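**Q** heads up, no residue letters with this:
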DNA sequence: CAATCGATATTTGTATGACAATTGAGCCGC
DNA sequence: GCGGCTCAATTGTCATACAAATATCGATTG
């Protein structure tokens, strides 16, 4: 039951999961991501899906439309729906990301994520230093405050996500915002998997603070450096997790 | 088999434009991007859209589903469809990008694009140098060959796009691929708007060549440098275009 | 008077059945 | 063997009906 995870401040919203066409889309999407239907393959036609899921054609069609919109499929008359090449998949879509992480090795996923984060976040911090508005700066500050008042690792995930998203917003480049979903996803799932948060609060809160201060005084290169510094910390957390994972698997095997 | 969407070599595909629900989605999407309906606003309900477009509810619903899937809307029973905050928009989706460029100043758009390109492409080149497979290298080489044999600026756009996409593929990070759509878009529209391609072929082909060679011999830092070098060239093209645009506007005003 | 609960109306969600439009595939004639 | 034509499979569109969720407002009650 991978949730479609709205945001850190998630309401119950039971309805969004109880949508039938959403469930169908999720199921088909999962099968595509796990390779049951590879790129180039033709999917069963709508009538088949109706039988498979016991749903009406209306519902199936809406699910297929959803997958079309996310770039996973392309439907054409008389042909059916063909799986698109991976390059066209909307990998930064929240749902696709969720199906993706379901379908691949978490360590591999985090490695990809960290690679992208190390490319982007330092530059995002630098841009934020140069382009932030007072309101955006305030939002970052609030997030940091939230991290400080958190009483547990789990509680600090929300503010942490908020911090990085606020930083991203302060960069003021609309084409960078899609990566926010990735950041949110990474931080949230990192905690789920590792059950630990970056490092001890005493270490990682000051590191966030350094970023904030550099941004506040408009020092781009300091902001860049501070962001990179924080990320190497995260790298270590993942490395630790990977080691533990490996140990666990070895014990089992 | 060969992928059904060669992107740059895109067929007219008249059918995909003649889909009614696609047209409706496009129209509503445009209105959202242009701010007719701002984030947080409630859209007209399905019955209203039916009247507006003279389409059946089925069709309207499929359009709305599409927009939901792209993160522009969120529909809930009894509420209707509410425009999502910009952070949730799938800005790297091909359609959303198209609506976006329709709705904003081209110069502003290219500025955002170049900012992101200058962050990512050097690192992509560096990753490609480290991670490329022989097949991927070959694909880059072929693209460069295509640029060489092109007889006009217009003809060289396709191979140019292919070059950058092949480079991106060679980086072998699935989370970077969504960015390809943006590159494709940028290069294609840049030519449309400026009617010029980067600079003289004698200048920009060698610059691409430098990237290829650095990648081929696995020299990450040289690849990074070469990519950055090419991008400053592009910057100048845009600057020239902006100056001309401004002059044109001034003459008119 | 305030707060809670419940009926109601509004809007999206799902189902069904029918027909239109597109187009690959195979047949037919040459 | 080849070009055009018919046919059939599949998605696209339409109309209608009912189900489910839920904001709104009024009734009820403490």
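**A** That came through, no problem. Bear in mind that the values here come from a model prediction, so they are computed numbers and not experimental data. Numbers count the residues shown, from 1 in each chain, chains lettered A, B, ... in the order given.

**Q** How about residue A:110: what's its closest non-neighbour residue?
**A** Residue nearest to residue A:110 in three dimensions, not counting chain neighbours: residue A:238, with 5.2 Å by C-beta to C-beta, 6 or more residues apart in numbering or on different chains. Just so you know, the C-beta spots here come from the backbone N, C-alpha and C atoms, and that holds for glycine as well.

**Q** Can you report the mean pLDDT over the residues of the strand or helix carrying the one you found?
**A** Counting by DSSP states H and E, the element that carries residue A:238 is helix A:220-252. For helix A:220-252, the per-residue pLDDT values average out at 80.

**Q** What of stretch A:87-105?
**A** 93.

**Q** can you pull out the helices in chain A?
**A** For chain A, the helices defined by DSSP state H occupy A:14-18, A:20-33, A:46-53, A:57-69, A:94-103, A:106-131, A:134-149, A:153-170, A:179-194, A:201-216, A:220-252.

**Q** buried ones in the fourth one?
**A** This means helix A:57-69. Buried positions in helix A:57-69, judged by neighbour count with 16 or more other C-beta atoms under 10 Å in any protein chain shown: A:59, A:60, A:61, A:62, A:63, A:64, A:65, A:66, A:67, A:68, A:69.

**Q** Which ones among the residues you listed also lie next to DNA strand C?
**A** Contacts with DNA strand C within the buried residues of helix A:57-69, as defined by C-beta under 7 Å from any atom of the strand: A:59, A:62.

**Q** As JSON lines, the buried residues of helix A:57-69 with distance to residue B:140 would be great.
**A** Output for those, formatted as JSON lines (distance: C-beta to C-beta, whole Å):
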{"residue": "A:59", "distance to residue B:140": "44"}
{"residue": "A:60", "distance to residue B:140": "41"}
{"residue": "A:61", "distance to residue B:140": "40"}
{"residue": "A:62", "distance to residue B:140": "40"}
{"residue": "A:63", "distance to residue B:140": "37"}
{"residue": "A:64", "distance to residue B:140": "35"}
{"residue": "A:65", "distance to residue B:140": "35"}
{"residue": "A:66", "distance to residue B:140": "34"}
{"residue": "A:67", "distance to residue B:140": "31"}
{"residue": "A:68", "distance to residue B:140": "30"}
{"residue": "A:69", "distance to residue B:140": "31"}
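
**Q** which one of the buried residues of helix A:57-69 is nearest residue A:50?
**A** Closest approach to residue A:50 among the buried residues of helix A:57-69 (C-beta to C-beta): residue A:60, at 5.4 Å.

**Q** my guess is the closest one meets residue A:49, correct?
**A** Yes: with contact defined as C-beta atoms under 8 Å, residue A:60 reaches residue A:49; the gap is 4.4 Å.

**Q** Quickly list what's touching both of these two.
**A** When contacts are counted by C-beta atoms under 8 Å, 6 or more residues apart in numbering or on different chains, residue A:60 and residue A:49 are jointly contacted by residue A:24.

**Q** need the residues of the stretch 151-253 of chain A near chain B, please.
**A** A:165, A:169, A:173, A:174, A:175, A:176, A:177, A:178, A:180, A:181, A:182 (C-beta under 8 Å from any C-beta of the partner chain).

**Q** if we take those residues, which one ends up nearest to DNA strand D?
**A** residue A:181 (23.4 Å; C-beta to the nearest atom of the strand).

**Q** wait, what's in contact with the closest one?
**A** Each residue near residue A:181 by C-beta under 8 Å, 6+ apart is listed here: A:92, A:93, A:94, A:97, B:88.

**Q** Quick one: neighbours of the third one, just the number.
**A** By other C-beta atoms under 10 Å in any protein chain shown, 20 other residues sit near residue A:94.

**Q** Just give the closest residue to residue A:68, not the sequence neighbours.
**A** Leaving out its chain neighbours, the residue that sits closest to residue A:68 by C-beta to C-beta, 6+ apart is residue A:75, at 5.8 Å.

**Q** close enough to count as contact, that neighbour and residue A:84?
**A** No: Residue A:75 lies out of contact with residue A:84 (C-beta under 8 Å); the separation is 10.5 Å.

**Q** Which one of the two is surrounded by more residues?
**A** With neighbours defined as other C-beta under 10 Å, residue A:75 and residue A:84 compare such that residue A:84 has more, 22 against 18.

**Q** Let me see the backbone angles for the more buried one.
**A** Backbone dihedrals for residue A:84, given as degrees, to the nearest 10, come out at phi -80, psi 160.

**Q** what do you get for residue A:105?
**A** Torsion angles at residue A:105 (phi, psi; degrees, to the nearest 10) stand at phi -60, psi 120.

**Q** rank the helices of chain A by pLDDT, which is bottom?
**A** helix A:14-18 (a mean of 56).

**Q** which residues sit in contact with the residue of chain A found nearest DNA strand C?
**A** Residue of chain A nearest DNA strand C, by C-beta to the nearest atom of the strand: residue A:20 (2.7 Å). When contacts are counted by C-beta under 8 Å, 6+ apart, residue A:20 touches A:55, A:59.

**Q** hmm, 10 Å instead?
**A** Residue A:20 is in contact with A:53, A:54, A:55, A:56, A:58, A:59, A:60, A:62, A:63, counting by C-beta atoms under 10 Å, 6 or more residues apart in numbering or on different chains.

**Q** and it, how far is that from residue B:78?
**A** Residue A:20 sits 18 Å away from residue B:78, going by C-beta to C-beta, to the nearest Å.

**Q** now do residue A:91
**A** Residue A:91 is 33 Å from residue B:78, by C-beta to C-beta.

**Q** And for the closest residue to residue A:207 other than its chain neighbours, the neighbour number?
**A** What sits nearest to residue A:207 in space, not counting adjacent residues and going by C-beta to C-beta, 6+ apart, is residue A:230, at 4.5 Å. For residue A:230, the neighbour count with other C-beta under 10 Å is 23.
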